[in-house]
Each structure stands twice: as C-alpha cells, then as structure tokens.
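can you look at this prediction? I've put the sequence above it.
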Amino acid sequence: MEIQRNISEFILLGLSDNKNVQIFCFTLFLLCFVALLVGNFLILISILCSPLFHQPMYYFLSQLSFLDIYYASSVMPKLIGDLLEGNKTISYGYCMFQAFTMHFFGSIEIFIITTMAFDCYVAICRPLHYMMIINRTKCNFLILAAWVGRFSHSFPQLSMTMHLPFCGVNEINHYFCDIFPLLKIACIDTYRTSVHVLVSSGVMTLVVFVILFLSYAIILLTLRNHSAEGRHKALSTCASHILVVVLFFGSAIFSYLRPFTAFPEDKVVALFYTIIAPMFNPLIYTLRNTEMKNAMRKVWSHILFSKETYS
C-alpha cells in the first residue's frame with residue numbers, strides 16, 4: 001500500500017539561529033550573489049560578442065558561465081530571502097524543484113568542466129590534430145549530450161525523492177533542499193535510495209575527478225617538451241582549470257561520497273559548490289587569461305562608447 005505524504009511545506013533550519021550571524025550572512029551572500037551574476041554575465045556577453053565564441057575552450061566557458069548563473073540562482077535567492085525575512089519555510093513543490101535543479105545543473109557543470117579539461121589536453125598533447133578532434137559540430141554534440149545525459153541522471157533521483165513519504169517531521173537541517181537531508185526525515189527505510197544517490201552522484205564525481213587528475217598529470221608531463229613561453233601559457237590555463245576542479249569536486253565528493261551521517265561541516269562545505277565555486281569561476285578563468293581580458297576590454301569599450309555616441 002502506498003504511503004501518502006501529509007505535509008505541504010518544509011522548514012529549512014539554515015546556517016544559524018543567531019540574529020547577528022544571520023545579518024552577517026545576508027550581507028555576505030548578497031554581495032557574493034551580485035558578484036556571481038556580474039562576473040558570469042560579463043564573461044558570457046564578452047564571449048558571445050567576440051571572435052572567442054568560435055574557439056572551443058571559450059565556447060565551453062560561456063556554457064559554464066550560463067550554468068553557474070542558473071545553478072546558483074536555484075539556491076541563493078531563497079537563502080538570501082530567508083536570512084532577510086527570517087521565514088525559513090519552503091513549499092513541497094519548490095523543495096522538489098530545488099533538489100532536482102541542484103543535481104541537474106551541478107552534474108552538467110561537472111560534464112562541462114571535464115570537457116574543458118579534454119579540450120586543454122588535446123590542445124597541449126595533440127596540437128596538430130586539434131581542429132580535427134575538437135570542432136564546433138562535436139562541441140554542440142557534447143553540450144547536447146550533457147543536457148540529455150544529465151536529465152536522465154537527475155530525473156530518477158527526483159522521482160525517488162517525490163515518492164518518499166513524509167509523515168510529520170518536516171525540518172530539514174540544511175539551507176536548501178538536497179536529497180540526503182530529505183532522506184533523513186522520510187518515514188521509511190531509505191538505505192537503498194541512499195546507496196543509489198551515493199553511487200550515481202558520489203562515485204560518479206569521484207571517477208570524473210580521478211580522470212581529470214590523470215589528464216592534468218599527462219598534460220604536465222607533456223609540457224616538459226614545450227618552450228618556456230609555451231609552458232608558461234599552458235601552465236597558466238591548466239592552473240585555472242585545476243583550481244576550479246579542486247573547489248568544486250573536493251566539496252562535492254565530501255558531501256556525496258561518504259556514510260549516510262550528518263556532519264557539522266556539511267553546510268559550510270556545501271557553500272563551496274553552491275556559492276563559492278560559481279562566484280570564483282569568472283575570476284579564475286579571466287585573471288591570468290590575456291585573450292579573455294583583451295576580449296572583455298574590446299567588447300565593453302565598444303558597448304560603452306557606442307552608447308555615449310548615441311546619447
């Protein structure tokens with residue numbers, strides 16, 4: 001017999017009950033969200049309005065910026081609003097939507113970061129075959145495969161979560177709806193579902209991380225045969241990618257590849273893959289990237305001066 005849920009909303013316990021901490025977090029996260037939106041929109045528009053859009057690495061970077069905006073927007077506006085108003089309730093439907101979008105956009109982001117690493121590997125290790133291996137048709141196919149594949153990954157998890165019975169306890173010990181915190185308050189034994197989430201999310205993330213680690217190790221070994229100038233440029237690009245990988249994958253592996261117990265550090269670690277990594281991606285990919293900085297300067301100078309001319 002199917003057990004019916006009898007609650008229509010959840011209560012997110014958030015990061016802290018201390019009013020001063022909440023005010024501090026509200027100010028900090030609001031600034032972080034603004035910086036995230038501004039930084040990623042700058043990159044997205046700069047790439048779309050420049051010749052860099054036709055280069056595979058920057059094409060993938062524009063996709064990453066687009067995903068970062070949607071990925072963070074599924075959590076941060078609600079979190080900021082709760083800190084401001086003190087209202088921590090979230091409807092059942094919005095909770096399910098948040099759990100789905102976090103895994104959907106997060107898993108696509110993992111695929112995009114992996115594809116960017118592959119692009120970096122081909123550019124450095126097989127430069128003569130680069131245009132044959134990486135072209136726009138294959139790039140579009142990879143992006144389409146990412147969206148379709150990640151939907152097929154996330155939808156079963158959403159389906160399992162929506163079929164969980166919640167019989168009264170509706171307090172989620174987190175600042176957003178994630179699958180593991182929801183499993184902890186379900187009325188039935190969720191061991192099998194937990195194992196499924198661990199394998200499909202945790203193990204998948206670990207395997208991708210190992211593949212990325214090996215690919216960068218090969219790249220660093222290959223760089224020994226390059227000129228000093230070539231090594232410097234390649235190392236600058238790889239260092240940016242490695243920093244993104246460490247920030248995003250390290251925190252995601254801690255959260256999803258472990259026994260089904262809650263740790264006090266969970267909420268702090270989750271900040272890294274929900275807020276900090278998407279916010280720092282624009283800086284990481286542009287701070288030491290001369291091509292990106294030049295493109296941004298040209299595009300935005302043209303936009304600003306054009307407005308001044310017409311005004």
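Looks like it arrived, so ask away. Numbering: from 1, shown residues only.

quick check: Arg231 vs Met292, distance?
20 Å (Cβ to Cβ, to the nearest Å). All C-beta spots, glycine's among them, are computed from the backbone N, C-alpha and C.

more neighbours, the two?
Comparing Arg231 with Met292 by other Cβ atoms under 10 Å, the one with more neighbours is Met292, at 22 against 16.

return the set of buried residues in whichever strand or helix holds Trp147.
Per DSSP states H and E, Trp147 falls inside helix 136-162. Under the neighbour-count criterion of 16 or more other Cβ atoms under 10 Å, helix 136-162 has 139, 142-143, 146, 150, 153-154, 157-158, 160-161 buried.

and what of stretch 30-40?
30, 32-33, 36-37, 39-40.

mind checking how far it is from the chain centre?
On the basis of Cα atoms, centre = their mean, to the nearest Å, stretch 30-40 is displaced by 14 Å from the centre of the chain it belongs to.

repeat that for stretch 26-39.
16 Å.

repeat that for stretch 253-272.
Distance of stretch 253-272 from the chain centroid (Cα atoms, centre = their mean) equals 16 Å.

repeat for stretch 176-190
Going by Cα atoms, centre = their mean, where stretch 176-190 is centred and where its chain is centred differ by 22 Å.

returning to what we had before: nearest to Leu287, of the buried residues of helix 136-162?
Leu287 lies nearest to Cys139 out of these, by Cβ to Cβ, at 24.5 Å.

what pLDDT does the closest one get?
pLDDT, Cys139: 86.

pretty sure it contacts Tyr58?
No. Cys139 is not in contact with Tyr58 according to Cβ atoms under 8 Å; the separation is 10.6 Å.

pull up the pairing partners for the next helix or strand after the helix holding Trp147, direction included.
Sequence-wise, the next helix or strand downstream of helix 136-162 (DSSP H and E) is strand 171-172. In the sheet, strand 171-172 lines up against strand 9-12 (parallel) (DSSP bridges).

and for the partner strand, what's in contact with it?
Applying Cβ atoms under 8 Å, 6 or more residues apart in numbering, the external contacts of strand 9-12 come out as 82, 88-92, 95, 170-172, 174-177.
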